[in-house]
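>>> got a structure for you, letters missing:
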Ligand code: ADP
Ligand code: MG
């Protein structure tokens, strides 16, 4: 008897084997190599999750759909396969939607699958249990959205969802599965035949030779060239080719935050510590899987200085070209194929950029690193950001395989600059939106998908968005060490409300002990008040692999409003007068 089928016993003579929607969905996912589902159970998917588990799919059951969604999204980034998030209807679906939109914005392949109520009732708005036209709602937030009404279409529906998520520019896909579909029965043989194994889901996209030549000509004419690596480059998993290309070119490179580690931050060509200088003074900028969005000041303005720029851009999405400024040499294709083409066309001899430029970048970088060094070694109590991050920086240097998850305001801005990353896809953070709440979902998926230890460095506010998932971490006994930079509030813990007895909106309970949350579920909790305490506790956690939460007590006065993006706050017209 085929997997996932049941004998129909009541028909006597013409007994046929049957299957149902539940099993067809599971079989279709398995056929396409889906190994993990991130989910929150409930009507109508509880049985589905039980059956998935029974059929050998790993199911990570979360406390809130948003966190399951963030887990699925980052699983997509790490594996180049769609991360699967499963939720119940209306409220569960809506909770998962932030993560779906986040996946789409960040170009992570993810499929949000939600159970939904019956079409007949929803469409007549007759008030079904958790009624909502989910497909219509999802459409604006993803690359593609599909609904499957008939068991015979499950195979095609899942195939389309997978292909849509990973081909071209990756992104989020919504798949709507009405409750009735799960129980629909069909002939098992026909069911099996209806399943589709997606062949070459993300086909190579080879760049045009003309485009490669045009780009190389621009690069050759450069006096002060710069390469910017974005998280698309990290996603592409063309690590060796990218490293060869950068080294062969001799051009300084600047990694965007999640591209750190493609080449080590300590690489002689890394311009991370000379960021403002290279953005201002470069004359040719080659973007590899990075966008000229707000994170790069849209390619213009003060950040980019007076020197006229020529931009070369490699991206799989043709529409990305000229999004903010003119791209003089667009190269459309997948990064692996594009870099291979560049390496081929560069030939065996390639002139390094003028030494005047590379030396200037190097000098600036060394100056900035030297300026920072003593601050990182401070042993102040209460701790400040630099003292605490100096410790974590050394720990990651000694454990370059560990994955760093990072969110917060000051905690994010400062950790991004201070903690060097040595290998690709080892830094996972808030992405394009600068979203808070990704921490625990990303930490869980990183541990599950890679089997490596995870260090999650969290602002106390950022942690609050997904903090309940510490129970999930303990339940699955994952090797995750969470460090909370506890400065008693958002940005800092010193704000005072002068208008009433209520606390200021940005402050939290003073002296809160987040470590006790971990202890509540059987994990290890540590209260760390000095850099030495912190070092000991993190090393112990990384050695033991036990779920650990360290409450790092920071000076409440440490930190600045909105971290480094305070300029994005609108100013009150009244205040200005
Ligand atoms: P960052 O925030 O690091 O600058 P973005 O997420 O803004 O990076 O940009 C990533 C870019 O990479 C997107 O424009 C996306 O289309 C592109 N991209 C993603 N995967 C690939 C790939 N395999 N090949 C080429 N481009 C890719
Ligand atoms: Mg804080």
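Here it is on my side, so go on. Values in this document were obtained by computation on a predicted structure and should not be read as measured data. Ligands and ions are numbered 1, 2, ... in the order given.
>>> For the stretch 1-150 of the chain, which residues score under the pLDDT cut-off?
1-14 (pLDDT under 70).
>>> Strands of that one, start to end?
Using DSSP state E, counting those that start in this stretch, the strands found in the stretch 1-150 of the chain span residues 6-7, 17-20, 36-39, 58-61, 83-87, 110-116, 144-147.
>>> Export the ones you listed as CSV, with columns for mean neighbour count and distance to residue 446.
Quick note: C-beta positions are derived from backbone N, CA and C, even for glycine. Shown next, in CSV, are those (neighbours: other CB atoms under 10 Å; distance: least, CB to CB, whole Å):
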stretch, mean neighbour count, distance to residue 446
strand 6-7, 12, 38
strand 17-20, 19, 35
strand 36-39, 26, 12
strand 58-61, 18, 12
strand 83-87, 31, 12
strand 110-116, 29, 15
strand 144-147, 19, 26
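>>> would you turn these into TSV with distance to ligand 2?
Formatted as TSV, these follow (distance: least, CB to the ion, whole Å):
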stretch	distance to ligand 2
strand 6-7	55
strand 17-20	50
strand 36-39	27
strand 58-61	28
strand 83-87	28
strand 110-116	29
strand 144-147	37
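>>> Kindly reformat those as JSON lines containing distance to residue 211.
Below are these laid out as JSON lines (distance: least, CB to CB, whole Å):
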{"stretch": "strand 6-7", "distance to residue 211": "55"}
{"stretch": "strand 17-20", "distance to residue 211": "49"}
{"stretch": "strand 36-39", "distance to residue 211": "38"}
{"stretch": "strand 58-61", "distance to residue 211": "42"}
{"stretch": "strand 83-87", "distance to residue 211": "32"}
{"stretch": "strand 110-116", "distance to residue 211": "30"}
{"stretch": "strand 144-147", "distance to residue 211": "27"}
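>>> For the ones you listed, give me a markdown table that also has distance to ligand 1.
Shown next, in a markdown table, are the strands of the stretch 1-150 of the chain (distance: least, CB to the nearest ligand atom, whole Å):
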| stretch | distance to ligand 1 |
| --- | --- |
| strand 6-7 | 42 |
| strand 17-20 | 36 |
| strand 36-39 | 21 |
| strand 58-61 | 25 |
| strand 83-87 | 15 |
| strand 110-116 | 14 |
| strand 144-147 | 16 |
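>>> So what does the residue in the stretch 201-350 of the chain positioned nearest to ligand 2 have for phi and psi?
As assessed by CB to the ion, ligand 2 sits closest to residue 257 within the stretch 201-350 of the chain, at 19.2 Å. With angles defined as degrees, to the nearest 10, residue 257 sits at phi -60, psi -40.
>>> longest helix of this structure?
In the chain, taking DSSP state H as the definition, the longest helix is helix 355-376.
>>> so the helix or strand following that one versus helix 355-376, what angle?
Helices and strands here follow DSSP states H and E; after helix 355-376, the next one along the chain is helix 385-398. Taking axes from the mean of the first three to the mean of the last three CA atoms, to 10 degrees, one finds helix 385-398 and helix 355-376 inclined to each other by 110 degrees.
>>> Point out the residues in the stretch 351-500 of the chain that sit beside ligand 2.
459-460, 487 (CB under 5 Å from the ion).
>>> so which of these comes closest to ligand 1?
residue 459 (20.0 Å; CB to the nearest ligand atom).
>>> How about the contacts made by the closest one?
407-412, 484-485, 487, 490 (CB atoms under 8 Å, 6 or more residues apart in numbering).
>>> These in strands, which ones?
407, 484-485 (DSSP state E).
>>> how close does the closest residue in space to residue 252 that isn't next to it in sequence get to residue 358?
Closest residue in space to residue 252, ignoring its immediate chain neighbours: residue 271 at 4.1 Å, by CB to CB, 6 or more residues apart in numbering. Separation of residue 271 from residue 358 (CB to CB, to the nearest Å) stands at 10 Å.
>>> go on, residue 410?
32 Å.
>>> And residue 524, by the same measure?
Taken as CB to CB, the span from residue 524 to residue 358 is 47 Å.
>>> what do you get for residue 77?
Distance from residue 77 to residue 358, by CB to CB: 32 Å.
>>> Next, the contact list for the spatially most central residue of the chain, please.
Per CA atoms, centre = their mean, the C-alpha nearest to the average position across the chain is that of residue 74, at 4.3 Å. Residue 74 makes contact with 83, 108, 428, 438, 441-442, 445-446, according to CB under 8 Å, 6+ apart.
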